[in-house]
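Novice: structure for the following, please:
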Amino acid sequence: MDDENVGIAGSPKPPDAARLTVNPSGTPEAEGALPCGVCGAPNLVNSRFCPQCGSPVGKDADLIARAARAAVPDVVDRMLREKYKDQKSVELETAELIAERTMKWAKALGFFLGIPALLIAAIFSFIGIKTYGDVSATLDKVTVARTALEASQKQLESTQTKGAQLAGEVENAAGRIRKLSEEAATLSTELAGARTRLAAIPQIEQRQRDIEVDLKNIKSYVLRDSSAVPQDRRRKLDTLISQYRTYLNERGLPGPAKVPEVTTEGDRRGMISYYLPDKGQIVIDKRAIDDDGVVLREFTHHYLLSVTPFKMSGEEADAVESTVAFYLPASFLKDPAIGGIAAKNLGHPRRYFVNLNNEKTFAEFESLPREQRPHDGAEILGAMLWNVRDVAGRERADTILIRTWIEFAKPSNKADSVQDFFKLYLRHARTALDQATASRVASVFARRGMPL
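Specialist: Numbering: from 1, shown residues only. Modelled structure (predicted):
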């Protein structure tokens, strides 16, 4: 038996059976088998249905499939053309309608846009822009101008920043200048003070020499019955007169070149003290030599009559001079009463020779006999000056009084009454004092009844 006729497990192979093979997908296939007309899978020769998709197979099925594949596309195409024929007509009509309306809208839009475009074109033509090249050149110019403007803005910002920095530096410099100005002013003031002090050195030296001369003159007083004057009293007189001279000099009354000679004597026609300008002597009763006010009053007479060219005469002019001679020692000693010690030693009926702390009026001055006005009247007028001293202060009041006296005693002054003197005093007070204080001074004179 041949191998070709032996089947599986040695059984004889059927003569009509086809040889079986296995394709790569694992599906058995036989030689001469036709593929499925639907899915294309190979089938057995005698298979009636496709083992893959279940479709009928065989020669008839294959013919049917081939016929179907040839006829179905034409049928489908014809059916689709019939189906979409009307739809294409609608689409075409719709497209035409859309195109028509779009053209209408475009015409309208072109009309409305054309006018501005024409205006823009006219403007461009007016400014010299006619072609695209002109537009491009203009845009280039605008770009260049914008670039230049941006550069200018940056430069301006830089300049502003530098300006702010310079302003700060200027402010700092101004502050330094102000500070230097203040320092310069301070130095100028100090320099002026130094110059004043330097200029005052010769005056101080001269004053020192004058004081030394005065001290020598004071120590050389011819004191009659000097054995009755204690040594300590001499020293006190030297110090007292030196201090008084300095005070008057500071108030504006320069000191005399020579200090007068002071002498003492006993009772002389009831006169306690007097001044002899021709001899340059101050004569004081021995019982009043210890009274500072009495000594300084006579010394003030010497000052007033030797320093100022007083040429007036009469009871009122004498009363003015006597008033000043009473007031200045009292103000210097800070005591309105003059002659307390002398009054006690002489057994005077009053406790003082003169007391400037009183409320007497100018009417009382005018009621005095003329011969009493230089003494008793001076007490009334001096009380007015003492009230002014309380209002304006010691130094200012005494300075005003000395200025008034110097002007009053000038030979050119013909107004020699008491009222003239106090009018002049009030004028100097208004110059030297503030308005409120000057008004209070005027009130003092008005309250005392002084007709100004």
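
Novice: use CA for all of it now, contacts and neighbours both
Specialist: Fine.

Novice: in a helix, A185, correct?
Specialist: Yes - assigned with DSSP: H, G, I helix; E, B strand; the rest coil, A185 falls within a helix.

Novice: can you name the next helix or strand after the one helix or strand T196 maps to?
Specialist: For T196, the host element (DSSP states H and E) is helix 132-219. Using DSSP H and E, the next helix or strand after helix 132-219 towards the C-terminus is helix 231-250.

Novice: pLDDT of that following helix, averaged?
Specialist: On average, the pLDDT along helix 231-250 is 88.

Novice: pull out the buried residues from it.
Specialist: By neighbour count on 16 or more other CA atoms under 10 Å, the buried set for helix 231-250 is R234, L237, D238, I241, S242, Y244, R245, Y247, L248.

Novice: then stretch 159-172?
Specialist: Of the residues in stretch 159-172, none count as buried by neighbour count, 16+ other CA under 10 Å.

Novice: again, but for stretch 360-376
Specialist: Buried-residue list, stretch 360-376, by 16+ other CA under 10 Å: K360, T361, F362, F365, R373, P374, H375, D376.

Novice: so which of those are in helices?
Specialist: In this view, those that belong to helices under DSSP state H are F362, F365.

Novice: roughly how far is stretch 320-327 from the heart of the chain?
Specialist: Here stretch 320-327 is found 55 Å from its chain centre; the criterion is CA atoms, centre = their mean, to the nearest Å.

Novice: kindly apply the preceding question to stretch 442-452 instead.
Specialist: Worked out by CA atoms, centre = their mean, stretch 442-452 lies 48 Å from the chain centre.

Novice: list of residues touching it?
Specialist: Stretch 442-452 is contacted from outside by E359, K360, T361, F362, A363, M384, N387, V388, Q419, F422, K423, L426, using CA atoms under 8 Å, 6 or more residues apart in numbering.

Novice: buried residues in that stretch, which are they?
Specialist: A442, V444, F445, R448, M450.

Novice: where do the helices sit along the stretch 251-400 of the chain?
Specialist: 292-307, 315-333, 340-346, 362-367, 378-392, 394-408 (DSSP state H, counting those that start in this stretch).

Novice: now the ones you listed in TSV, with distance to L97 and mean pLDDT?
Specialist: Formatted as TSV, the helices of the stretch 251-400 of the chain follow (distance: least, CA to CA, whole Å; pLDDT from 0 to 100):
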stretch	distance to L97	mean pLDDT
helix 292-307	135	86
helix 315-333	129	93
helix 340-346	143	90
helix 362-367	131	95
helix 378-392	117	97
helix 394-408	119	95
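
Novice: ok, which of these comes nearest A184?
Specialist: Among those, the nearest to A184 by CA to CA is helix 394-408 (32.5 Å).

Novice: for the closest one, buried residues please.
Specialist: Buried residues in helix 394-408 (16+ other CA under 10 Å): R396, A397, D398, T399, I400, L401, I402, R403, T404, W405, I406, F408.

Novice: the fifth one contacts A432, doesn't it?
Specialist: Yes - with contacts defined as CA atoms under 8 Å, I400 counts as touching A432 at a distance of 7.5 Å.

Novice: is the residue lying closest to Y274 once chain neighbours are set aside bridged to anything, and to what?
Specialist: Nearest residue to Y274, sequence neighbours excluded (CA to CA, 6 or more residues apart in numbering): V283, at 5.5 Å. Legend: beta-bridge partners of V283 under DSSP bridges are T263, Y274.

Novice: V283: what's it in contact with?
Specialist: Counting by CA under 8 Å, 6+ apart, V283 touches V262, T263, T264, E265, S273, Y274, Y275, L276.

Novice: what does E316 give?
Specialist: Taking CA under 8 Å, 6+ apart, we find E316 in contact with R373, P374, D416, S417, V418.

Novice: so how far is N413 from it?
Specialist: 14 Å (CA to CA, to the nearest Å).

Novice: repeat for V324
Specialist: V324 is 18 Å from N413, where distance means CA to CA.

Novice: the two - which one has more neighbours?
Specialist: Just comparing V324 and N413: by other CA atoms under 10 Å the higher neighbour count belongs to V324, 23 against 11.

Novice: please name the nearest non-neighbouring residue to the more buried one.
Specialist: With sequence-adjacent residues excluded and distances taken as CA to CA, 6+ apart, V324 is closest to G382, at 7.3 Å.

Novice: make CSV from the buried residues of helix 231-250 and add distance to I338 to it.
Specialist: Below are those laid out as CSV (distance: CA to CA, whole Å):
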residue, distance to I338
R234, 20
L237, 16
D238, 20
I241, 16
S242, 19
Y244, 15
R245, 18
Y247, 18
L248, 18
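
Novice: so S55 sits right up against V38, yeah?
Specialist: Yes - using CA under 8 Å, S55 makes contact with V38 at a distance of 6.8 Å.

Novice: of these two, who's got more company?
Specialist: Set side by side, S55 and V38 show more neighbours around V38, with 18 against 14, by other CA under 10 Å.

Novice: and G37, how many neighbours?
Specialist: Burial of G37 is recorded as 21 neighbouring residues (other CA under 10 Å).

Novice: average pLDDT across the helix or strand that I123 is a member of?
Specialist: For I123, the element it lies in under DSSP H and E is helix 59-126. Computed over helix 59-126, the mean pLDDT rounds to 70.

Novice: in what helix or strand does the closest residue to L426 other than its chain neighbours lie?
Specialist: Leaving aside its chain neighbours, L426 sits nearest to A442 (6.9 Å; criterion: CA to CA, 6+ apart). In this structure, A442 sits in helix 435-447 according to DSSP H and E.

Novice: export that helix as PDB, just CAs?
Specialist: The C-alpha trace of helix 435-447 is given here as PDB (Å, rounded to 0.1, in the frame of the first residue of the first chain):
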ATOM      1  CA  GLN A 435       4.300 153.000  74.900                       C
ATOM      2  CA  ALA A 436       2.600 151.400  77.900                       C
ATOM      3  CA  THR A 437       5.300 152.400  80.300                       C
ATOM      4  CA  ALA A 438       5.500 155.900  78.900                       C
ATOM      5  CA  SER A 439       1.700 156.200  79.400                       C
ATOM      6  CA  ARG A 440       2.100 155.200  83.000                       C
ATOM      7  CA  VAL A 441       4.800 157.800  83.500                       C
ATOM      8  CA  ALA A 442       2.400 160.500  82.000                       C
ATOM      9  CA  SER A 443      -0.300 159.200  84.400                       C
ATOM     10  CA  VAL A 444       2.100 159.800  87.400                       C
ATOM     11  CA  PHE A 445       2.500 163.400  86.400                       C
ATOM     12  CA  ALA A 446      -1.200 163.900  85.700                       C
ATOM     13  CA  ARG A 447      -2.100 162.400  89.100                       C
END
